[in-house]
Structures are given as C-alpha cells and as structure tokens.
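Peer 1: Based on what follows, work out the 3D shape:
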Amino acid sequence: MTDTPRIAFVMDPLDGLALKKDSTLAMIRAAQTRGWQIFTLGLEDLLLDRGRVSGLIRPLELTEPFFSRLKANEPVTNAEFGSSWYEQGEEVLTPLADLDIIMMRKDPPFNLEYIYATYYLERAESEGAMVVNRPASLRDCNEKFFATQFTEVCPPLVVSRREDVLRAFQAEHRNVVFKPLDGMGGASIFRIMDGDANLGVVLETLTDFGRQQIMGQVFIPEIVNGDKRILLVDGEPVPYALARVPLAGEARGNLAAGGTGEGRPLTDRDRLIATTVGPELKRRGLKFVGIDVIGDYLTEVNVTCPTCIRELDAQFSLDIAGMLMDSIEAELNG
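Peer 2: Sure, this is the predicted structure:
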C-alpha cells in the first residue's frame with residue numbers, strides 16, 4: 001500500500017446521481033475525510049491491454065460546502081448544487097493493480113456487462129488490489145437466490161420456471177408474491193391471492209413463458225410496518241435499520257416504489273437474522289451488504305450496491321461509510 005491510499009469507485013456517471021440520498025457519496029466523503037486519493041471510472045473505462053487490466057480513471061474531489069454538508073449529515077439536493085459539488089481531473093490510463101482499493105458501486109442491472117466487469121476486478125484482486133465487494137462473490141450471490149440458503153430465517157418460498165410448480169405453491173399458500181430473480185427497486189413484484197384471474201398472465205410474463213426462473217414467496221403481512229434494510233459491515237450489523245414503509249394500498253416498501261424511510265433500532269429477531277447471515281458474508285469477502293427483513297423473515301441479501309447509508313446517518317448521527325473505511329483500512333494495514 002502507498003503512504004496515501006488510492007481508492008477508485010466503479011460507479012454510474014456523477015451527473016446522474018441523486019445527491020439527496022446516494023450512498024456512494026457517503027463513501028467518497030469518508031475517503032476524502034481520511035485524505036485518500038480518490039478516483040472514479042465506469043464500466044466502459046475498464047480494459048485489458050498487453051495482458052494487464054487497466055482503467056481510465058479520473059481524480060475526484062468533493063467541493064466545499066458540499067463536503068461539509070455531507071459530513072454534517074445535512075440535506076443536499078441536485079437543484080441546489082447542480083454540477084458544482086465536485087471537481088474532476090483528466091482521465092489517466094492506470095493499471096488497476098496500482099490502486100489500493102476498488103469499490104464496485106455500479107448500480108444494477110446485473111447483466112453480462114456487469115459480469116464482465118467482475119472479470120476485470122477479479123484480475124486486479126489477484127494482482128494485489130482490494131476489491132469491495134469481492135468480485136467472485138458478486139457473481140455467485142444472486143441477491144434473492146443467495147438468501148434462500150439461510151432456511152431457518154426465510155419465509156416459505158419456491159424458485160422455478162414451471163407454471164404447474166408455481167401454481168401449486170400459490171394454491172398451497174393462497175396469498176403469495178411472485179418476483180424475478182434479477183429485479184431491483186420493487187420492479188415487477190406481483191401479489192397474488194385466491195381467485196386472482198391474473199395469475200396465469202403474471203406467471204407467463206415473469207417466466208417469459210417458462211424460459212426464466214422466478215421466485216414465489218409467501219406474502220408477509222408485516223410489510224405494512226415496513227421492509228427493513230439492515231446494513232452489515234464486515235459481517236457485523238449497524239445497530240439501526242431503515243424501515244421502508246409502503247404507501248397506503250401498496251404491497252412494496254421500496255423507496256423507489258414510493259415507500260417512506262423510518263429509522264428503527266434493531267429488534268432481537270433482526271439481530272438473530274444478521275448474526276445468522278453475517279459469518280457467511282465475511283467468509284465470502286462481502287464487506288458491505290444490505291439485508292432485507294420483513295416481519296420475522298429474511299427476504300433478500302443485497303451485495304451489488306447496497307443503499308440507505310445517508311438516511312440512517314441523518315436520523316441517528318451515524319457515520320456508516322466511516323465504519324466501512326475503518327474496516328478497509330484495518331485490513332490494508334493488517
């Protein structure tokens with residue numbers, strides 16, 4: 001490691017970020033607080049040349065007062081700052097192994113381009129860079145399917161692309177939800193109850209007429225109290241969760257679907273679920289993860305680009321990104 005750590009964020013374009021809530025900005029702020037050299041790049045900036053994986057990286061610095069406002073957990077908006085919240089230098093072709101830390105913070109979709117990016121990052125990891133989260137685990141741990149291995153804390157569920165299997169699951173449990181394995185933000189989640197004439201078309205649409213695997217899950221009525229996002233750093237839970245409470249008449253709590261975020265202390269059940277999942281996350285090199293809990297059940301394990309840092313920081317005067325950077329720094333110096 002160099003005297004001043006060099007950290008690069010693989011992420012979406014800066015001008016498209018939601019300044020009000022983007023969690024990657026909290027991580028950038030935490031790195032800048034420590035005086036680290038910060039760079040950004042997109043998937044399109046990754047390349048392999050002469051046997052080495054490299055990136056067209058650009059230095060980044062958050063400007064004042066944006067940096068100070070973030071540090072104080074004060075609200076900021078795109079309308080207020082426009083593009084004046086950062087300064088960015090010229091791109092420089094740099095071997096990824098010359099970086100100390102690479103943060104994979106590209107939002108889904110989890111498509112072939114995302115998978116190709118993990119190939120680059122895995123090569124960089126093998127050459128000495130720390131990649132958060134570990135690229136192989138990003139590929140292996142589908143956010144919905146991965147959760148199913150923790151059977152003791154999961155609701156009754158089924159994964160299949162066969163209509164007869166999925167219909168049988170609905171007939172047995174009567175009130176269920178069906179969802180794609182690669183969805184995000186509450187998109188394409190359907191609640192089906194007895195006698196719903198849309199069951200056939202929902203299954204045809206989600207499975208693409210039997211060509212795609214989907215998940216069926218028992219409907220958990222406690223969703224009215226919120227779909228809780230619990231953040232874990234190096235396998236240990238942050239002591240507060242963000243409950244995404246659905247709009248009236250809505251069965252999805254996702255903030256992207258109009259839910260409202262309410263911070264709450266973890267319950268004993270929340271802690272049990274987190275301690276059930278945490279050791280496996282740590283073993284797989286999943287240093288920053290968000291698990292979703294409805295009622296007493298684990299429903300998803302979010303590994304690609306977990307959010308909700310800023311909301312919890314503001315409500316409880318936390319520094320979750322600082323906790324993450326402390327963990328990274330300790331590993332670098334270990």
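Peer 1: what's the spacing between stretch 15-27 and its chain's center?
Peer 2: For stretch 15-27, the separation from the chain centroid amounts to 13 Å (computed by CA atoms, centre = their mean, to the nearest Å).
Peer 1: Check stretch 45-62 too.
Peer 2: Stretch 45-62 sits 23 Å away from the centroid of its parent chain (CA atoms, centre = their mean).
Peer 1: so for that stretch, what's the average pLDDT?
Peer 2: Stretch 45-62 shows a mean pLDDT of 97.
Peer 1: Only the buried residues of that stretch, if you could.
Peer 2: Using 16 or more other CB atoms under 10 Å as the burial criterion, the residues of stretch 45-62 that qualify are 45, 46, 53, 54, 55, 56, 57, 58, 59, 60, 62. (Each C-beta comes from the backbone N, C-alpha and C, glycine too.)
Peer 1: same thing with stretch 185-198?
Peer 2: 186, 189, 190, 191, 192.
Peer 1: ok, now how distant is the most far-flung residue of the chain relative to its centre from residue 56?
Peer 2: Largest separation from the mean C-alpha position in the chain: residue 195, at 35.5 Å (CA atoms, centre = their mean). Note on residue 195: its distance to residue 56, by CB to CB, to the nearest Å, is 56 Å.
Peer 1: for residue 36, same thing?
Peer 2: 20 Å.
Peer 1: In the stretch 1-150 of the chain, mark out all the helices, start to finish.
Peer 2: Assigned by DSSP state H, counting those that start in this stretch, the helices in the stretch 1-150 of the chain fall at 23-33, 66-71, 78-81, 112-126, 135-140.
Peer 1: got a list of contacts for the last one?
Peer 2: Under the criterion CB atoms under 8 Å, 6 or more residues apart in numbering, residues 104, 114-115, 118-119, 121-122, 125, 146, 284-286, 303-304 lie in contact with helix 135-140.
Peer 1: May I see the ChimeraX selection of the buried members of the residues you listed?
Peer 2: Buried residues among these (16+ other CB under 10 Å), as a ChimeraX selection:
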select :104,114,118,121,122,125,146,284,285,286,303,304
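Peer 1: any chance of the contacts of helix 135-140 in a markdown table, with distance to residue 240 and pLDDT too?
Peer 2: Compiled in a markdown table, the contacts of helix 135-140 are given as follows (distance: CB to CB, whole Å; pLDDT from 0 to 100):
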| residue | distance to residue 240 | pLDDT |
| --- | --- | --- |
| 104 | 25 | 98 |
| 114 | 30 | 96 |
| 115 | 33 | 97 |
| 118 | 31 | 98 |
| 119 | 36 | 98 |
| 121 | 30 | 98 |
| 122 | 33 | 98 |
| 125 | 31 | 98 |
| 146 | 24 | 97 |
| 284 | 24 | 98 |
| 285 | 25 | 98 |
| 286 | 20 | 98 |
| 303 | 20 | 97 |
| 304 | 22 | 96 |
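Peer 1: As JSON lines, the contacts of helix 135-140 with distance to residue 32 would be great.
Peer 2: Shown next, in JSON lines, are the contacts of helix 135-140 (distance: CB to CB, whole Å):
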{"residue": "104", "distance to residue 32": "19"}
{"residue": "114", "distance to residue 32": "27"}
{"residue": "115", "distance to residue 32": "31"}
{"residue": "118", "distance to residue 32": "26"}
{"residue": "119", "distance to residue 32": "29"}
{"residue": "121", "distance to residue 32": "22"}
{"residue": "122", "distance to residue 32": "27"}
{"residue": "125", "distance to residue 32": "24"}
{"residue": "146", "distance to residue 32": "32"}
{"residue": "284", "distance to residue 32": "29"}
{"residue": "285", "distance to residue 32": "25"}
{"residue": "286", "distance to residue 32": "25"}
{"residue": "303", "distance to residue 32": "25"}
{"residue": "304", "distance to residue 32": "24"}
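Peer 1: mind checking how far the nearest residue to residue 304 once chain neighbours are set aside is from residue 138?
Peer 2: Leaving aside its sequence neighbours, residue 304 sits nearest to residue 108 (CB to CB, 6 or more residues apart in numbering; 5.7 Å). Counting by CB to CB, the gap from residue 108 to residue 138 is 11 Å.
Peer 1: of these two, who's got more company?
Peer 2: The residue with more neighbours, out of residue 108 and residue 138, is residue 138; 26 against 14, by other CB atoms under 10 Å.
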